[in-house]
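**Q** Kindly generate the corresponding structure for this input.
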Amino acid sequence: MNIRRLSCRFALLLLPVSSAFAQFSLVETGGTFRTDATNLAAASQGATAIGFDELGTPNHHYIANVNDGLYGNYASWIGLNDSISSTASWVGVRFASPVSIGAFAFGRDNLGAFADRATVAPYRIEFTTDATVYTDPAAAVWELVGVIDHTAAGTPQPHLRHLYNLTTAEPLTNVLAFRLLTSSGMTYGNAIDELEVYGSATPIPEPAAVATLLGLAALALGALRRRMQRH
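**A** Alright, predicted model coming up:
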């Protein structure tokens, strides 16, 4: 078990929750795809990447990149619109069949090479149960889950992957599509390197369990240091 990862999660839980995270609970910064749950947004699971527009440079920044299973700038999406007054750029995934959602994750560049375009504008998190999304995603009725504002003070490493548990009053069920909206495109929007969606919330270790693990790690480190001092 990765004690450093657990300690980071525990530290994040102690941070005050801002209004920007009213519908979400941040449980991990960085990290990678969950191994205890299926990523419902993955193309390998039958999900289809959808969006309003794409910058689409010769090799990257396409809508299809948002669920290709790859992290990094060169596997990311950026919207095309270049005016904050234009229609919002957005990207998301459409599921092959209705799903329930308990957690989601996304980042700008989880490889850490590019830290720009992560705090340019807030993200609106939306979902739909409207079957119109299969024929005309823009015309579907979308419902707001909440807003994530990485411009807020105290957001840890906003360009890295952030994993959230949903804390909505009612579970999100019969969801046909899930998306992220930005204020616009190239200038005022954000980059997304991967969107992950999970049917269950991420298990959070109890504080007592974390303390025990940290204590064991400290004992092991002390023993190692004493052993090295003998040589």
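
**Q** ok, residue 197 touching residue 106?
**A** No: the criterion here is C-beta atoms under 8 Å, and residue 197 misses it with residue 106 at 9.5 Å. No exception for glycine: its C-beta is placed from N, CA and C like everyone else's.

**Q** which parts of the longest strand seen in the chain are buried?
**A** Ranked by number of residues, the top strand in the chain under DSSP state E is strand 90-101. Using 16 or more other C-beta atoms under 10 Å as the test for burial, strand 90-101 gives 90-95, 99, 101.

**Q** Repeat that for stretch 161-175.
**A** Buried residues in stretch 161-175, counted by 16+ other C-beta under 10 Å: 161-166, 172, 175.

**Q** Looking at those, which one is closest to residue 29?
**A** Taking C-beta to C-beta as the measure, residue 29 sits nearest to residue 162 out of those, at 5.7 Å.

**Q** pLDDT value on that closest one, please?
**A** Looking at residue 162, its pLDDT is 95.

**Q** Likewise for the one 10 residues further on?
**A** Taken from the predicted model, the pLDDT recorded for residue 172 is 93.

**Q** do the same with residue 195
**A** The model's pLDDT for residue 195 equals 98.

**Q** In the sheet, which residues pair with it? Tell me.
**A** With DSSP bridges applied, residue 195 shows beta-bridge pairing to residue 106.

**Q** doesn't residue 90 make contact with it?
**A** No: taking contacts as C-beta under 8 Å, residue 195 lies outside contact range of residue 90: 11.1 Å.

**Q** about what we covered before: of residue 197 and residue 106, who's got more company?
**A** residue 197 (28 against 23; other C-beta atoms under 10 Å).

**Q** That one falls within a strand, correct?
**A** Yes: under DSSP: H, G, I helix; E, B strand; the rest coil, residue 197 sits within a strand.

**Q** Would you mind measuring from it to residue 177?
**A** Residue 197 is 10 Å from residue 177, where distance means C-beta to C-beta, to the nearest Å.

**Q** Which neighbours do these two have in common?
**A** Common neighbours of residue 197 and residue 177, using C-beta atoms under 8 Å, 6 or more residues apart in numbering, are residue 93.

**Q** Contact partners for residue 128?
**A** Taking C-beta under 8 Å, 6+ apart as the test, what residue 128 contacts is 140-143, 175-177.

**Q** Kindly recompute the last result at 10 Å.
**A** If you count contacts by C-beta atoms under 10 Å, 6 or more residues apart in numbering, residue 128 has them with 92, 94, 137, 140-143, 174-179.
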